[in-house]
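Novice: all I have is the shape, not the residue letters:
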């Protein structure tokens, strides 16, 4: 029977996962998230107001030449979520009983439910709706996949901070000691996450994750995921990260923003590595990410363009993929496996 958005909202999985997840989230960070969001929007409006000729500058750089770049970005969106589906596929138990297109559908429907939940915590709701009967395994596989993706984000952020600290010290000024603190913090996180991912007995460690404990999710099937499989998952996660970098780079080129490829790697590393840990009130860190994009480049017109690029990358990868998920939800049957 074809799925539908109303059925998802009224389903037991929605009540069990989304409502309890919202309770978990709101109890801990709701008010902080709201304050950060309000501050971010106020900061964006202030910076736009201070750039009187901003619209004309953006319009000047915009031309029909950007259309090929947009086409490439949309195509890369499909590559991005195919890689995510591969990552999810390798983490699922008995995945050989599933067709890959079924897993890909579940990922896109998960994007639909993720867009309405803080920090995209609801992506497993849509996946559970398509892949019926094994909610525990689908949920822990999704959380584990997110953990692997976070590990890659922290690696790239650490490398970006390291590069700035040792090779761009003239831009840090009084922030140098702040960056040193960040380097120590991220290196500690990398140590903990590396210990978990590369530990042959990683299953009990994942069980201790706060989110896993909160939802009381069984992690038994993780024992069957070998080190080789985990390395493959890391490869897919890293490939996804580079897709984002290429999307940013293509839009920078399309808007004639004068940055080279290394600059894009560093900027994306700083942005993703910082915004990941900021409390988010809006879907997909919307607003917070754009404000941080402006701040990273000193509140300049270039920073506002960076924010525009960040918004467009979000629109293609998150909002557009959620629309695809909505279409698949109305046309796909739930799968028992």
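Specialist: Right, received. Where do you want to start? Every value quoted in this text rests on a predicted model; they were computed, and no experiment measured them. Numbers count the residues shown, from 1 in each chain.
Novice: where do the strands sit along the stretch 1-150 of the chain?
Specialist: All strands of the stretch 1-150 of the chain, identified by DSSP state E, counting those that start in this stretch, fall at 131-132.
Novice: can you give me the helices for it?
Specialist: Ranges of helices within the stretch 1-150 of the chain are 5-10, 12-13, 20-50, 54-61, 67-91, 100-114, 123-130, 135-167, based on DSSP state H, counting those that start in this stretch.
Novice: how about residue 241, nearest residue that isn't a chain neighbour?
Specialist: Leaving aside its chain neighbours, residue 241 sits nearest to residue 152 (5.1 Å; criterion: CB to CB, 6 or more residues apart in numbering). For every residue, glycine as well, the C-beta is placed using N, CA and C.
Novice: residues contacting the one you found?
Specialist: Residues near residue 152 by CB atoms under 8 Å, 6 or more residues apart in numbering: 234, 237-238, 240-241.
Novice: kindly reformat those as a markdown table containing pLDDT, secondary structure and neighbour count.
Specialist: Below are these laid out as a markdown table (pLDDT from 0 to 100; DSSP: H, G, I helix; E, B strand; the rest coil; neighbours: other CB atoms under 10 Å):
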| residue | pLDDT | secondary structure | neighbour count |
| --- | --- | --- | --- |
| 234 | 95 | helix | 18 |
| 237 | 97 | helix | 23 |
| 238 | 97 | helix | 17 |
| 240 | 97 | helix | 22 |
| 241 | 97 | helix | 20 |
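Novice: kindly indicate which of the residues you listed lies nearest residue 293.
Specialist: Within the set of these, residue 241 lies nearest residue 293; the separation is 17.2 Å, counting by CB to CB.
Novice: gap between that closest one and residue 267?
Specialist: 13 Å (CB to CB, to the nearest Å).
Novice: mind checking pLDDT for residue 3?
Specialist: On pLDDT, residue 3 comes in at 44.
Novice: ok, back up a step: reformat the contacts of residue 152 as a markdown table; add distance to residue 197.
Specialist: Shown next, in a markdown table, are the contacts of residue 152 (distance: CB to CB, whole Å):
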| residue | distance to residue 197 |
| --- | --- |
| 234 | 7 |
| 237 | 10 |
| 238 | 13 |
| 240 | 16 |
| 241 | 15 |
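Novice: only the buried residues of the helix or strand where residue 246 lies, if you could.
Specialist: Using DSSP states H and E, residue 246 falls within helix 227-254. Buried residues in helix 227-254, defined by neighbour count with 16 or more other CB atoms under 10 Å: 230, 232-254.
Novice: just stretch 146-155 next, same as before
Specialist: The neighbour-count check on stretch 146-155 (16+ other CB under 10 Å) flags 146-155 as buried.
Novice: circling back to that earlier point, quick check: which of the helices of the stretch 1-150 of the chain is nearest to residue 185?
Specialist: The closest of the helices of the stretch 1-150 of the chain to residue 185 is helix 135-167. By CB to CB, the value is 9.4 Å.
Novice: rewinding a little: tell me how far the helix holding residue 246 lies from the chain's centre.
Specialist: Computed by CA atoms, centre = their mean, to the nearest Å, the chain-centroid distance of helix 227-254 equals 11 Å.
Novice: and it, what does it pack against?
Specialist: Judged by 3 or more CB pairs under 8 Å, 6 or more residues apart in numbering; DSSP states H and E, helix 227-254 is in contact with helix 67-91, helix 135-167, helix 261-275, helix 301-314.
Novice: quick one, whichever helix or strand comes after the last one and helix 123-130 angle?
Specialist: Heading C-terminal from helix 301-314, the first helix or strand you meet, by DSSP H and E, is helix 320-331. Helix 320-331 runs at 20 degrees relative to helix 123-130, counting by axes from the mean of the first three to the mean of the last three CA atoms, to 10 degrees.
Novice: same question for helix 320-331, mean pLDDT?
Specialist: Average pLDDT, helix 320-331: 89.
Novice: equivalent analysis for stretch 266-282, please.
Specialist: Throughout stretch 266-282, pLDDT has a mean value of 84.
Novice: repeat that for stretch 39-46.
Specialist: Here the average pLDDT along stretch 39-46 is 81.
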